[in-house]
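[1] Please find the sequence and the predicted model below.
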Amino acid sequence: MERLELLERLAAITGGLTPARGVSEAQLIELRQLLARELPTLVPAWRLVTSGGIAHDRIDLDAIGPELRVELERALDAPPPAALPADELGVAPRVARRTLPFSTSAEPDSVPEWAAGRRVEWTLGPFVDRDGRLVWFDIFAIV
């Protein structure tokens, strides 16, 4: 995956997010770094699908502000976060987006199929999306 495509995908996934009250900006930075590391390894490209069937693939970088572009560039250029559970195996953790404050395989917006039955290592968020909804990102170690 080329750099431009990675930036556009990061913009689509995280560009409209802001940390919710009580959540630090550092969590959003960490999320972007994790996704920047995960996105190139996924085939087909990672897609976010909500219960309404809306897929977020890419956003034209001309549609985002220069400050956000700089933040996304930093995420791509950053070294891997220090404490990744699966690093010793050389496998990046997987990231799953959910729109419910809890995880359950009974709700499609809670756990993707590939994560069913897996243990969440840690959670980032909640973040507020463009529509004012809360969004969490669960991190799974893949071993």
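    Right, received. Where do you want to start?

[2] where does the protein dip in pLDDT?
    1, 42-56, 81-91, 109, 143 (pLDDT under 70).

[3] Which residues does the helix ranked longest in it contact?
    Using DSSP state H, we find that the single longest helix of the chain is helix 25-38. Under the contact criterion C-beta atoms under 8 Å, 6 or more residues apart in numbering, helix 25-38 has outside partners 6, 9-10, 13-14, 17-19, 46, 71-72, 74-76, 78, 80-81, 92-95, 124-125, 127, 137, 139. Where you see a C-beta, it was placed from the backbone N, CA and C, and this is true even at glycine.

[4] residues near Asp60, how many?
    9 (other C-beta atoms under 10 Å).

[5] sorry, that was for Arg94
    So Arg94, with other C-beta under 10 Å, has 21 neighbours.

[6] before we move on, the earlier item: show me the contacts of helix 25-38 that map onto strands.
    Under the assignment DSSP state E, those contribute 18-19, 94-95, 124-125, 127, 137, 139 to strands.

[7] Adding distance to Arg58, write the residues you listed out as JSON lines.
    Converted to JSON lines, the ones in strands among the contacts of helix 25-38 look like this (distance: C-beta to C-beta, whole Å):
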{"residue": "Thr18", "distance to Arg58": "20"}
{"residue": "Pro19", "distance to Arg58": "23"}
{"residue": "Arg94", "distance to Arg58": "20"}
{"residue": "Val95", "distance to Arg58": "17"}
{"residue": "Leu124", "distance to Arg58": "22"}
{"residue": "Gly125", "distance to Arg58": "22"}
{"residue": "Phe127", "distance to Arg58": "19"}
{"residue": "Phe137", "distance to Arg58": "19"}
{"residue": "Ile139", "distance to Arg58": "23"}
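
[8] filter the residues you listed to the buried ones?
    19, 94-95, 124-125, 127, 137, 139 (16 or more other C-beta atoms under 10 Å).

[9] Same list (those) but as CSV, adding distance to Thr41.
    Below are these laid out as CSV (distance: C-beta to C-beta, whole Å):
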residue, distance to Thr41
Pro19, 26
Arg94, 9
Val95, 11
Leu124, 19
Gly125, 22
Phe127, 23
Phe137, 17
Ile139, 15
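
[10] Since that was my last question, I'll sign off now.
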